[in-house]
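Undergrad: could you look at this predicted model? Sequence included:
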Amino acid sequence: MDLPEGFHNEVIEARENALSNTHGTESKVSTSPLKPGGASFKTHVLIQASPSKLIYKPSIGAAIFSFIFLAVGLGVLFFNLVPLFKGNSESISINWFLILFGLIFAGAGGFMFYIFYKPRVFDKQQGLYYTTYQFKLHKSRRQQSKDYLSLKSIVAIQIIGEYVQSDDGSYKSFELNLVLDDASRRNVVDHGNLKSIIKDAEMLSAFLSIPIWHAGSING
């Protein structure tokens, strides 16, 4: 993976040595993609909502992409179902293929809105990274959910590049993963804008005082 100027192994190693001694954990962490695939465009933007909180928001591209699917699906459903309510339903033939097409596109658009807009929050006040629409105040309920992760358990930020094969060709996608103290990983974002991934990693590294581990590129 070609990295932009100013971001290379020496920089990462210096940050690792300065922040923490976690090389024992690093040797145990997988360097294969955690979520094979990924978008070819930038899907999320990391913003600082307050001095104690970083939040991922969907990018304009992700919002437009989701809206197109939803709008096409709803449009097809509208033009095929409205005649049923305007005339004699017995004399109108229903094109079930277009109905199914509309349902699939509308469903895909709605699902993408749900995924892209799902909260991804690093909250120092709560001491948590959480990914849920309904934040639970009681600690006992948090422990029963995979949507909550203690910030103290995060020991590094991992960047992995991957070549993704598709019907239209191939493209690069990059994962930003959280490395936990048990050497497991949690994916945060996965998209095709390397400079954005690196910027996010640097923000999270400074915010959480943890190193960045660059795992290289994997050919798909």
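TA: In hand now; what should we look at?

Undergrad: distance check, residue 102 against residue 72.
TA: Plainly put, residue 102 is 8 Å away from residue 72 if you go by C-beta to C-beta, to the nearest Å. To be clear about C-beta, it is placed using only N, CA and C from the backbone, and glycine gets the same treatment.

Undergrad: same check, this time on residue 25
TA: The value you get for residue 25 to residue 72, if C-beta to C-beta is used, is 46 Å.

Undergrad: okay, and the beta partners of the closest residue to residue 199 other than its chain neighbours?
TA: Spatial nearest neighbour of residue 199, excluding adjacent residues (C-beta to C-beta, 6 or more residues apart in numbering): residue 46 at 7.5 Å. As for beta bridges, residue 46 partners with residue 56 under DSSP bridges.

Undergrad: correct me if wrong: residue 46 contacts residue 206.
TA: No. With contact defined as C-beta atoms under 8 Å, residue 46 and residue 206 do not form a contacting pair (11.7 Å).

Undergrad: okay, these two: which has more neighbours?
TA: A direct count of neighbours by other C-beta atoms under 10 Å for residue 46 and residue 206 places residue 46 higher, at 22 against 11.

Undergrad: count the residues that sit near residue 182.
TA: Residues within reach of residue 182, counting by other C-beta under 10 Å, total 11.

Undergrad: now do the one 3 residues further on
TA: Neighbours of residue 185 under the rule other C-beta under 10 Å: 18.

Undergrad: the residue nearest to the spatial centre of the chain sits in which helix or strand?
TA: Computing the C-alpha centroid of the chain and ranking residues by C-alpha atoms, centre = their mean puts residue 189 first, at 2.8 Å. Residue 189 is part of strand 185-191 when elements are defined by DSSP states H and E.

Undergrad: immediately after that strand, which helix or strand?
TA: Along the chain past strand 185-191, the next helix or strand (assigned with DSSP H and E) turns out to be helix 194-208.

Undergrad: what segments of this protein are strands?
TA: Secondary structure of the chain (DSSP state E): strands at 44-50, 53-58, 120-123, 128-130, 148-150, 154-166, 169-180, 185-191, 212-218.

Undergrad: can you give me the pLDDT of the residue nearest to residue 28 when sequence neighbours are not counted?
TA: For residue 28, ignoring the flanking residues on the chain, the nearest one in space by C-beta to C-beta, 6+ apart is residue 183 at 3.9 Å. The predicted structure scores residue 183 at 93 on the pLDDT scale.
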